[in-house]
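K.L.:
Sequence first, then the predicted structure:
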Amino acid sequence: MLTAFKEARNAIVDFNKIKDIYESRLQLERSSKATMELAQLQYINGVIGYLDVLDAQRSYFDAQIGLSNAIRDKQITLVKLYKALGGDGNHPLFSVSSFIRKIKLRYMPDRTYCSLPV
C-alpha cells in the first residue's frame, strides 16, 4: 500500500516538474521566434548581416525542438501518472510503450531527435 502512495506521489512530482519545464520551453520558443523575426527585419533594413539571421533561425529551431521534446515528456509523464493512480495499464491507449511508439512515429519519423530507447 505504501508503495502505491509513493509511486503516485513520485508521478505527481514528476508531472509538475515536466509541466514547469514545458512552460519555460514554451516561453523560450516564443522569445526565440520574436528574436528571429526582429533579425529578419534588421537584415532587410541593412542593420545586420545574413549570418546573424541564420544564427537567430538556428536558435529558434533549437527552441522548437526543445519544446517538442517537452511536449513529448509531458504526455509520457501524464500516462505514467494515470497508471500510478490506478489506471488500466493494459488498455492500448494508456500503454506507455505503445504511446512512446506512437509519439516516435508521429513526431520523430527519422529518429534524429529521439532520446528514448527503442
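P.N.:
Okay, I see it. All figures in this text were calculated on a predicted structure; none of them were measured in a lab.
K.L.:
gap between the residue sitting nearest the centre point of the chain and residue 40?
P.N.:
Among the residues of the chain, the one closest to the centroid is residue 70, at 1.8 Å (CA atoms, centre = their mean). To residue 40, residue 70 is 26 Å away according to CB to CB, to the nearest Å. Where C-beta positions appear, they are placed from N, C-alpha and C, glycine not excepted.
K.L.:
With residue 8 instead?
P.N.:
To residue 40, residue 8 is 48 Å away according to CB to CB.
K.L.:
what ranges do the strands span in this protein?
P.N.:
Assigned by DSSP state E, the chain shows no strands.
K.L.:
biggest helix in it by residues?
P.N.:
Scanning the chain for the helix with the most residues, using DSSP state H, yields helix 2-44.
K.L.:
Flag the shaky bits of this protein, pLDDT-wise.
P.N.:
1, 88-118 (pLDDT under 70).
K.L.:
switch to 90 and redo it
P.N.:
Along the chain, the parts satisfying pLDDT under 90 run over 1-9, 11, 79-118.
K.L.:
just to revisit the earlier point, surely the residue nearest to the centre of the chain and residue 21 touch.
P.N.:
Yes: counting by CB atoms under 8 Å, residue 70 does reach residue 21; the two are 5.4 Å apart.
K.L.:
Centre of the protein to the edge, which residue is at the far end?
P.N.:
Most peripheral residue of the chain (CA atoms, centre = their mean): residue 46, 35.5 Å.
K.L.:
Tell me the backbone dihedrals of that residue, please.
P.N.:
For residue 46, the backbone dihedrals (degrees, to the nearest 10) come out as phi 80, psi 20.
K.L.:
Could you list the buried residues of stretch 25-38?
P.N.:
For stretch 25-38, burial by neighbour count (16 or more other CB atoms under 10 Å) applies to 25, 28, 29, 32, 35, 36.
K.L.:
again with stretch 56-64
P.N.:
Across stretch 56-64, burial judged by 16+ other CB under 10 Å covers 56, 59, 60, 63.
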